[in-house]
Structures are given as C-alpha cells and as structure tokens.
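S.K.: Please find the sequence and the predicted model below.
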Amino acid sequence: MYESPDQEKPVYEAKGIETVRRDGCPAGVKILQRSLIELFSHGDMSRVKRMVMSTLCKLADGSLPPQDLFFTREYHGPAGYRPGAAAPPNEIAKRIASRDRRAVPRSGERVAWQVCAGPPGAPLVKLARTPEELVADSGLTPHVSYYALRVLLPPLHRCLSLLGVNVFKWWAEVGHTREAVQKQTRGGIARYMWRRRCALCGAPGVQALCAACAGRGGGRTAIAALMTRCSHADTCVASCHMICNSCCGHTYSQCCNNTECPVLWRRLTAQHRFTDVQQLIHNLPEYFHQQIDF
C-alpha cells in the first residue's frame, strides 16, 4: 500500500485474512505474508514457490522453529465447554488437572499447544501438547502432514488459486512420507522407525546411506560430510549454551525452562540435531567406523 506519491517502499496492510487473525500459528502467518509481499513486490511466482518450498522442506526435516507451530486459544473454564467438545485447551486442562490441580490454567487464560505426530487415525485433540510437555519429552515431533496440508497451504491456496496456482502440488514435490521399515539396530523402538531416505542426499532407499553416497570415494566423502554436520551441530549447541549462560549469569542454564524464550527452542533443536547425527554415525556399518577418528 502506498500512502503518498513520494513513498518508495509500500506498507503491507491486511484485514480479515490469516495474517491478522489470532487463531492460527505464526508459521502460517509468516508464509502467507511473505508470499504476498514477494508476489506484489516482484510479480514472480517462481520466487514465491522457492520461498514456500524452503519453508515446507524445513517443516519436513524438523528444522522449523517449534515456537512457530504453536496455536493459542482462550480457556473458558471447565463449565465453558459442552460435553464431548473437541477443544484442545479443555483437553490440556484435564490432562494437567490429572497431575496437579493447582497448575490448571485459569478461565480466560490463553493456552498454547502444538499438534504432535501420533498413531494413524488418532484425534487431533489428543495430539495437542503444551510447550512444557515438548521441553520434557524430546521424542515429540510436529504432525508434519497436518501442518502442511491443513494449516500452512490452505490459506495460501485461497490466494494463489486466483492466479491458477495449485500450491498442494508443491508439497507433493517435497516428497514427505510417513513410511517406516523394520530394521534390526540398537535404540529400542527407534529401530522400527527408519525413514526410506538417504541421510546425505535424501534419495529413496532402505539403508541410512544410499549406494551412491556410501560408495563415493570409498565412503570417505560420506564420512567427511557427516563429521562436518556433527561439528556444525556441536558448535550450534555450544553457542546456544553461551547465550543462555550469559542470560542466566551462571553455568546451570540447561535447567532454564522459559518456554517464551526463542533461544530455548533453538538450543533444544540444536541438541536434537546433534544427537541425531551422532546416532546416525554410531549406527553406520563397521567399515565406516574404521575411517572415523573419535
């Protein structure tokens, strides 16, 4: 929007769409607003597609900031919902009350939650988890298909479909799948949850590394790439700990559970990424370990 002939940069103003509504998640607001600004600024749909695909890829590989996936709703109290109502704030309040009745949110308080992955066919209201539960359980991951197909893309499709663009095809190009195969490795139930993707190039395959990546340079190229990724993840974890230590004023910052702090989620994401790379390296075949200097 231009307010005067001398104004060089337009101002984005919206009314009635998801960028100004409070019932969505920040990721949906950001992807729609950035897409519209990109479209009106350059008029190039390919730039919009690259930006949307980048966000979808981050969602699929788990690198999207967790705080961008939180929904918030007002809690109306135990008498404010009809019997059987599928309201996440009410479900969360009941779950909290079963553990500690003093921790139940007050009537009128806004409750935040994230829809996490669960068994197929499970009601979404049963998959809502609070930020505190996400901090306590590192195994909880976002429901990727739900966020992509029912949160992020529908508002974008309502706008871009006027130009003949089907954004759901962009999600199909990401190639995300929930297929899993049984693989006898260490790690408890995790041995049943291996994705059919190469850890380096993302190509379909049953093994952790595809034949092309494992055979390139006798496996030395794959080892170098994995060790570099592990080093970068370790550096990111150390940087987050330095920020938290300077904020808290002591070295016990890992005990901080301030879910409103973005550094907390950055630190947890970096720690999970570092752990995943470590587990991937330790589960490689023995002849790979002979080339790694621990």
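M.R.: Now that the structure is in, tell me what you want to look at.

S.K.: From now on I want contacts and neighbour counts done on CA atoms only, so please keep to that.
M.R.: Fine.

S.K.: So which elements touch the strand or helix carrying Lys58?
M.R.: Using DSSP states H and E, Lys58 maps to helix 45-61. Counting contacts by 3 or more Cα pairs under 8 Å, 6 or more residues apart in numbering; DSSP states H and E, helix 45-61 is packed against helix 26-42, helix 168-174.

S.K.: what's the most buried one of these?
M.R.: Sort the helices and strands packed on helix 45-61 by mean neighbour count, taking mean count of other Cα atoms under 10 Å, and helix 26-42 sits at the top with a mean of 17.

S.K.: distance between that one and the chain's centre?
M.R.: Per Cα atoms, centre = their mean, to the nearest Å, the displacement of helix 26-42 from the mean C-alpha position of its chain is 19 Å.

S.K.: Show me the contact partners of it.
M.R.: Here helix 26-42 makes contact (Cα atoms under 8 Å, 6 or more residues apart in numbering) with 12, 18-20, 44-45, 47-48, 51-52, 55, 67-70, 151-152, 155-156.

S.K.: which strand of this structure spans the most residues?
M.R.: Among the elements of the chain assigned as strand by DSSP state E, the one spanning the most residues is strand 110-115.

S.K.: for stretch 35-51, what is the average pLDDT?
M.R.: Mean pLDDT, stretch 35-51: 91.

S.K.: Find out how far it is from the centre of the chain, if you would.
M.R.: 23 Å.

S.K.: hang on, the earlier thing: got JSON lines for the helices and strands packed on helix 45-61, with distance to Thr259 too?
M.R.: Below are the helices and strands packed on helix 45-61 laid out as JSON lines (distance: least, Cα to Cα, whole Å):
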{"stretch": "helix 26-42", "distance to Thr259": "15"}
{"stretch": "helix 168-174", "distance to Thr259": "30"}
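
S.K.: re earlier: note down every partner strand of the helix or strand just after the longest strand of the chain and its orientation.
M.R.: Using DSSP H and E, the helix or strand that directly follows strand 110-115 along the chain is strand 128-129. Strand pairing for strand 128-129, using DSSP bridges, gives strand 110-115 (antiparallel).

S.K.: Would you mind pulling the contact partners of the partner strand?
M.R.: 69-75, 88-89, 105, 124, 127-131, 142-143.

S.K.: what residue ranges in the protein score low on pLDDT?
M.R.: 177-197, 202, 204-207, 216-219, 285-294 (pLDDT under 70).

S.K.: at 50 instead, please
M.R.: Low-confidence segments of the chain, defined by pLDDT under 50: 179-194, 294.

S.K.: Centroid-wise, who is the farthest residue in it?
M.R.: Residue farthest from the centre of the chain, counting by Cα atoms, centre = their mean, is Pro5 at 42.0 Å.

S.K.: which helix in the protein runs the most residues?
M.R.: Longest helix in the chain, counting residues (DSSP state H): helix 220-248.

S.K.: buried sites along stretch 133-150?
M.R.: Applying a neighbour-count criterion of 16 or more other Cα atoms under 10 Å, one finds Leu134, Val135, Leu140, Pro142, His143, Val144, Ser145, Tyr147, Ala148 buried in stretch 133-150.
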